[in-house]
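In: got a sequence here, can you build the structure:
(one chain, ligands or ions: 2)
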Amino acid sequence: GRGKHRGMKDTLSVAVEPRLKVLLPLPLAGAYDYRVPRTLSLKIGDFVVVPLNQRDILGVVWDSPTEGESKPVPDHRLRAITAVLPAPPMTESLRRFVDWVAAYTLSPPGAVLRMAMSVPAALEAPTPQAGWVLAGPGGNRQPRITPERQRVLDAMRPGEVQAGGQLAAAARVSLGVLRGMADNGLIRPALLPHPRRFARPDPDHPGPVLGDAQAAAAAALVERVAARAFGVTLLTGVTGSGKTEVYLDAVAECLRQGRQALVLLPEIALSAQWLDRFRARFGVAPALWHSEIGSRTRRDTWRAVAQGEAPVVVGARSALFLPFPDLGLVVVDEEHETAFKQEDGVVYHARDMAVVRARLAKAACVLVSATPSLETLNNAETGRYQALHLPQRHGGATLPAVEMVDLRQAPPERGRFLSPPLIAAVSETIGRGEQAMLFLNRRGYAPLTLCRHCGHRMRCPNCTAWLVEHRAQRRLQCHHCGHAEAPPAECPECGTANSLTAVGPGVERVLEEAIALWPEARRVVMASDTLPGPAAAAAAAQAIQDRAVDLIIGTQIVAKGWHFPHLTLVGVVDADLGLAGGDLRAAERTVQLLHQVAGRAGRAEAPGRVLLQSFSPEHPVMRALVSGDLDAFMREEAAMRRPGHWPPFGRLAALIVSSEDEREAERTARDLGLAAPGGEGVQVLGPAPAPLALLRGRHRRRLLLKTRRDIAVQPVLREWLARVEVPNSVRVQVDVDPVGF
Ligand code: ADP
Ligand code: ZN
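Out: Numbers count the residues shown, from 1 in each chain. Ligands and ions are numbered 1, 2, ... in the order given. Just a heads-up that it's a prediction; the model follows:
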């Protein structure tokens with residue numbers, strides 16, 4: 001080939017040709033090498049267009065050695081970077097965050113980068129209409145300075161971005177001259193500052209006067225933010241104690257420092273009340289970031305964040321990957337929520353990654369909850385996190401009285417789900433003109449449809465799951481894969497007509513019962529399928545606040561942070577629901593969820609009351625809810641997990657082996673089992689069928705790696721996976737710190 005005949009001189013000049021690593025937003029093993037054309041002046045973190053196979057793709061100039069790098073490409077095979085985009089380069093702290101998340105979750109760094117590049121459209125290709133900025137001192141090239149070029153240089157000031165058209169006019173040159181100067185590395189494209197769409201919240205806008213405990217906690221947080229250093233604070237306090245107002249003071253301090261603040265909420269679609277509160281405190285709305293914002297807003301927000309023009313962002317977990325140039329505060333509200341765990345693609349827990357993001361950005365981190373996770377409590381106990389506590393409800397409101405209804409003593413009527421004591425309590429409450437809420441964490445009409453004649457159960461063809469009846473839509477649905485079918489007129493097994501019957505309640509069925517009991521009551525159902533999107537949720541919340549509703553029936557959506565001042569009764573239809581199954585955290589989660597739901601009652605003057613319907617009122621979870629002593633409950637939980645090194649006192653990772661071919665899944669799982677690591681403090685459980693043994697048509701097996709806390713699971717997992725050959729038809733998903741198992 002050509003290379004063979006190259007002389008010494010040639011080889012040398014090729015060897016000094018600059019090359020850079022570019023990380024592509026694809027699940028590849030590491031960054032790829034590219035040649036830097038002499039015409040481009042590039043910085044680490046720059047967004048660049050590079051050729052890959054037959055197409056052009058956007059990547060980021062990367063600077064850290066990443067896992068599994070391939071052997072270097074010889075110079076003559078190296079392809080060149082095509083262009084650099086006019087966007088601020090990805091910051092060092094975000095690049096390190098991408099690397100960190102990749103290493104921790106055992107994901108390809110490019111797969112993580114993709115989450116930080118969710119808005120390629122935000123990065124406009126360089127056009128004459130784009131802005132230009134003076135290039136920094138670059139390379140050893142001496143481009144020719146013609147008089148035309150000199151006029152352009154005279155018209156520019158360092159760091160100032162000017163629109164191409166204006167610049168060309170000012171220097172009396174054509175746009176082509178600018179392009180040529182860019183090709184010669186004299187100027188570079190840059191994003192034009194755009195009219196500010198995100199008003200600057202005023203930190204000194206008058207907010208509510210804080211109570212004594214609030215003021216003390218706020219002062220401690222403000223000090224943390226002012227320190228401009230990493231540190232984690234746990235802010236706890238009973239429901240309704242005013243934690244939000246306290247951490248908004250930390251946001252205010254962050255604004256005074258001129259840094260950006262990020263607030264993560266578990267259910268961003270339901271953030272209407274939160275936004276009202278923010279506006280009341282700061283006079284303007286913050287930037288919003290979640291999956292349902294339109295692509296235009298998305299692009300503007302991304303750019304504004306990158307240019308430091310969005311001082312406060314409130315968002316879902318994906319907001320962690322926004323390109324904040326100077327992040328000073330990360331708040332995770334309702335830190336115990338499992339909604340912070342992302343289960344698809346890169347499997348990560350946003351609460352834990354928020355702490356990492358804050359550390360890398362030298363920012364303060366605040367975790368907020370009335371019912372913190374055992375992980376976080378343990379970190380506070382061992383002194384890793386600072387802890388602040390608000391002991392009382394704001395404004396003299398008292399905590400609701402929680403009572404059990406023993407369903408064995410006071411059963412509902414046949415085929416009904418509300419017990420006589422709960423019915424009486426609802427009647428009294430709405431009779432007084434107050435609001436009542438019935439909580440059942442189950443969407444649809446009935447969780448199971450059964451043939452009365454032969455006992456056949458309607459199940460999903462793709463998943464290990466029963467089909468849930470949604471009567472309003474006349475459909476049977478799988479809540480895992482989305483499969484839906486019309487309810488058959490006769491049993492598909494025995495052919496008997498009209499023999500299929502609904503078993504158990506969902507919220508729709510509770511609604512049906514409520515209509516029969518209180519036909520006059522004005523009702524609203526709050527569930528993810530009855531409130532599709534933030535606007536519907538906001539409208540429902542507004543109706544409740546305006547007392548246009550007497551009775552609220554809802555799933556876990558109603559548990560999340562709402563403040564309904566006229567709500568005084570909460571009835572939990574099935575308090576035992578979350579306790580079934582072998583999940584390590586079932587008890588912890590049930591306490592958290594039910595305590596949160598209970599906390600919706602009695603948040604203003606009128607006292608609140610909570611009734612929990614249960615078949616096991618003596619269960620420790622129920623006792624904790626009645627006594628309100630969650631600390632004692634969590635101490636007992638800790639005492640149960642500690643001896644066996646269960647999280648947070650040990651580490652856990654799951655391998656989910658899946659394939660459309662059951663035998664292949666089985667075989668790979670068995671091979672992994674045979675190659676399992678061992679030794680002091682390392683244990684592998686399984687393989688066993690995964691909790692959903694069939695999901696979306698894939699057969700799933702699971703192995704759990706459990707290690708002592710002082711042993712990192714990642715190297716153990718890497719070595720383990722390297723020992724086993726996985727066929728193409730089989731997927732092995734790694735889940736470090738799994739939440740449901
Ligand atoms: P938590 O998040 O702790 O459950 P919230 O922050 O929702 O509590 O506060 C409960 C209610 O009390 C909200 O309506 C809030 O606006 C109000 N509130 C909290 N602190 C104050 C205060 N210092 N002055 C006036 N209202 C307050
Ligand atoms: Zn299914």
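In: contacting residues for Phe417?
Out: Contacts here follow CB atoms under 8 Å, 6 or more residues apart in numbering; on that basis Phe417 touches Pro505, Arg509, Val510, Glu513, Val573, Asp574. Heads up, the C-betas are built off the backbone N, CA and C, glycines and all.
In: what is the most widely separated pair among the residues you listed?
Out: Within the contacts of Phe417, Glu513 and Asp574 form the most distant pair, 13.2 Å apart (CB to CB).
In: state which strand of this protein is the longest.
Out: strand 682-695 (DSSP state E).
In: tell me the residues of the chain that contact ligand 1?
Out: Proximity of the chain to ligand 1, by CB under 6 Å from any ligand atom, involves residues 208-211, 214, 237, 239-245, 277, 394, 563.
In: still on that earlier bit, how about the contacts of Phe417 in a markdown table, adding pLDDT, distance to Asn53 and neighbour count?
Out: Shown next, in a markdown table, are the contacts of Phe417 (pLDDT from 0 to 100; distance: CB to CB, whole Å; neighbours: other CB atoms under 10 Å):
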| residue | pLDDT | distance to Asn53 | neighbour count |
| --- | --- | --- | --- |
| Pro505 | 96 | 54 | 24 |
| Arg509 | 97 | 54 | 23 |
| Val510 | 97 | 55 | 24 |
| Glu513 | 97 | 60 | 20 |
| Val573 | 98 | 56 | 25 |
| Asp574 | 97 | 54 | 20 |
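In: wait, Pro189 sits on Leu85?
Out: Yes: proximity of Pro189 to Leu85 meets the contact threshold set by CB atoms under 8 Å, at 7.2 Å.
In: in what helix or strand does the closest residue to ligand 1 within the stretch 551-700 of the chain lie?
Out: Nearest residue of the stretch 551-700 of the chain to ligand 1: His563, at 4.2 Å (CB to the nearest ligand atom). Assessed by DSSP states H and E, His563 sits outside every helix and strand.
In: pretty sure it contacts Trp274?
Out: No: taking CB under 8 Å as the definition, His563 is not a contact partner of Trp274, at 9.7 Å.
In: what's the burial count for Glu413?
Out: 11 (other CB atoms under 10 Å).
In: so what pLDDT did it get?
Out: What the model reports for Glu413 is a pLDDT of 96.
In: sorry, back to before: how about the contacts of Phe417 in a markdown table, adding secondary structure?
Out: What follows is the contacts of Phe417, written out as a markdown table (DSSP: H, G, I helix; E, B strand; the rest coil):
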| residue | secondary structure |
| --- | --- |
| Pro505 | coil |
| Arg509 | helix |
| Val510 | helix |
| Glu513 | helix |
| Val573 | coil |
| Asp574 | coil |
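In: mind putting those in JSON lines, distance to Val48 included?
Out: JSON lines is the format used below for these (distance: CB to CB, whole Å):
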{"residue": "Pro505", "distance to Val48": "56"}
{"residue": "Arg509", "distance to Val48": "56"}
{"residue": "Val510", "distance to Val48": "56"}
{"residue": "Glu513", "distance to Val48": "61"}
{"residue": "Val573", "distance to Val48": "56"}
{"residue": "Asp574", "distance to Val48": "55"}
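In: stretch 519-528 spans what distance, first to last residue?
Out: Stretch 519-528 has an end-to-end distance of 24 Å (criterion: CA to CA, to the nearest Å).
In: residues making contact with that stretch?
Out: So stretch 519-528 is contacted by 430, 443, 507-508, 511, 514-515, 537, 540, 543-544, 548-555, 557-558 (CB under 8 Å, 6+ apart).
In: ends of stretch 247-265, how far apart?
Out: 13 Å.
In: His563 and Trp274: which is more packed in?
Out: Neighbour comparison, His563 and Trp274: the larger count goes to Trp274, with 21 against 18 (by other CB under 10 Å).
In: quick one, what contacts the more buried one?
Out: Applying CB under 8 Å, 6+ apart to Trp274 gives the contacts Thr244, Leu265, Val314, Asp333, Gly561.
In: what's the closest of these to ligand 2?
Out: Of all the contacts of Trp274, ligand 2 sits closest to Leu265, with 28.8 Å by CB to the ion.
In: burial count for the closest one?
Out: Residues lying near Leu265 (other CB under 10 Å) number 26.
In: pull out the buried positions in stretch 29-36.
Out: Gly30, Ala31, Tyr32, Asp33, Tyr34, Arg35, Val36 (16 or more other CB atoms under 10 Å).
In: mind checking how far it is from the chain centre?
Out: Between the centre of stretch 29-36 and the centre of its chain there are 30 Å (CA atoms, centre = their mean, to the nearest Å).
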